[in-house]
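In: Next one to model:
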Amino acid sequence: MIIAYMLNKATATCIGLSAVKFLKIDRDATMIVLPSDHYIEGEKEFIDTLIQAVDVVERKRGIVSIGISPTRPETGYGYIQMGEKLTSMMPIYRIERFVEKPNIEVAKDLISNGNYLWNSGMFVWRADGLCFKLR
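Out: Residues are numbered from 1 along each chain as shown. Prediction:
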């Protein structure tokens, strides 16, 4: 089994087991991974974002990481650098790189760059993208 490298060990184990279970039920299962400690403001926008993410994953078979527009420099969050825009209709970008919890000076630089989002820790992917059959 292959687990996405960006997840910590305990979470990754649970996600991997879930992917295997989902695939036994539905070979085309799509997974949405959400942290349990987030406050979601703007429920309709959030649900619309998840619907778009599922649509992208089912068509492109990639991994979607949901980013949040930063409102201030923050050292407690990781950042996602946005790459090329993938669609003209929706704000979906290729991920250029992740920056893990920077110090305050780096966080200020990332915010002023205008090309970074906070990493929400929310991901969408097809379950078969995580698992492969062991021989």
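
In: Okay, helices next: where are they in this protein?
Out: 9-25, 43-60, 104-113 (DSSP state H).

In: and the gap between M82 and L117?
Out: Distance, M82 to L117, using Cβ to Cβ, to the nearest Å: 7 Å. Every residue, glycine included, has its C-beta placed from N, CA and C.

In: Tell me which of the two has more neighbours.
Out: In terms of neighbours (other Cβ atoms under 10 Å), L117 is the more surrounded of M82 and L117; the figures are 21 against 18.

In: thinking G16 is in contact with L130, fair?
Out: Yes. In terms of Cβ atoms under 8 Å, G16 counts as a neighbour of L130; the distance is 6.3 Å.

In: Between those two, tell me which one has more neighbours.
Out: L130 (21 against 18).

In: Just the pLDDT for the more buried one.
Out: For L130, the model assigns a pLDDT of 70.

In: Report the contact partners of the residue nearest to the spatial centre of the chain.
Out: The chain has S65 as the residue nearest its centroid, 1.9 Å off, counting by Cα atoms, centre = their mean. The neighbours of S65, taking Cβ atoms under 8 Å, 6 or more residues apart in numbering as the test, are I80, I95, N119, S120, M122, F123.

In: Okay then, goodbye and thanks.
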